[in-house]
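J.: quick one: sequence and predicted model below, then my questions.
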Amino acid sequence: MPCEELDEKSAYDEVEIIQGSVTARCYGLFWGHLESGHNPIGWDTSKYETEPAAQEISVLLLERLGDPLSRDMLGHPFPSEIIDEWEELLDDFNELNIFYRDLHRRNILRAPRSPPGLPTRECPVHRKQHAWRIIDLGCKREKNWLTTDARRVYHRQILRDVKQRWEMGDDSPLSN
């Protein structure tokens, strides 16, 4: 099984206490083998010159979340209430000694509507239900030697960069 999926599953296991409040709920990592000539529904196989050989497939099953921040708002002032909320999400990671570096519009999704989704859990740090959830924990987060204060400073700087670029009309991911 590819390391990326194991790393990401491990990351979700590490933050289990904030699943459903700060991050998506993780239901598990599943894998299996596809026989030669069989492809998952929706895969574009037109790029293959020959029939694909047997392959291993893995799926990290996460809770279905809402949409990211709308691109329609790109180039407009970034809503302060959203920046405040995202700051709190990063503070929650900070409480677990995790430095999250992959902050991007597509990695912060709205919490699901309930019903049909599961109710949002109360955040153990802020004692409230967050409206947003962070995803993509694989390669872009690390437990590190930084102090709590240093992580907070870095997280705030990343948020300032995202906000500034957004208001200038730039939605590209930050380089790490």
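T.: That came through fine.
J.: taking the centroid of this protein, which residue is nearest it?
T.: Ile135 (1.3 Å; CA atoms, centre = their mean).
J.: and it, what does it touch?
T.: Going by CB atoms under 8 Å, 6 or more residues apart in numbering, Ile135 touches 23-24, 62, 65, 107-109. To be clear about C-beta, it is placed using only N, CA and C from the backbone, and glycine gets the same treatment.
J.: same thing with Pro68?
T.: Applying CB under 8 Å, 6+ apart, the residues near Pro68 are 105-110.
J.: now Pro112
T.: With CB under 8 Å, 6+ apart, Pro112 has these contacts: 63-66, 118, 120.
J.: switch the cut-off to 10 Å
T.: 20, 24-25, 63-66, 118-120, 133 (CB atoms under 10 Å, 6 or more residues apart in numbering).
J.: just the buried ones from those?
T.: 20, 24-25, 63, 65, 120, 133 (16 or more other CB atoms under 10 Å).
J.: would you confirm that Leu65 contacts Arg106?
T.: No - counting by CB atoms under 10 Å, Leu65 stays clear of Arg106, with 11.3 Å between them.
J.: what about the closest residue to Gly32 other than its chain neighbours, distance to Trp31?
T.: Among residues not flanking Gly32 along the chain, Ile57 sits closest, at 6.1 Å (CB to CB, 6 or more residues apart in numbering). Between Ile57 and Trp31 the computed distance is 6 Å (CB to CB, to the nearest Å).
J.: and for Arg71?
T.: 34 Å.
J.: which of those two has more neighbours?
T.: Trp31 (13 against 10; other CB atoms under 10 Å).
J.: pretty sure the more buried one sits in a helix.
T.: No - checked against DSSP: H, G, I helix; E, B strand; the rest coil, Trp31 lies outside a helix; its state is strand.
J.: hmm, it is touching Leu61, no?
T.: No - if you go by CB under 10 Å, Trp31 and Leu61 don't touch, sitting 11.2 Å apart.
J.: in the protein, what helix or strand scores lowest on average pLDDT?
T.: strand 141-143 (a mean of 70; mean pLDDT, DSSP states H and E).
J.: ok, Pro116 - contacts?
T.: By CB under 10 Å, 6+ apart, Pro116 lies in contact with Arg64.
J.: do you know how far it is from Ile135?
T.: Distance from Pro116 to Ile135, by CB to CB: 19 Å.
J.: equivalent analysis for Leu89, please.
T.: Distance from Leu89 to Ile135, by CB to CB: 11 Å.
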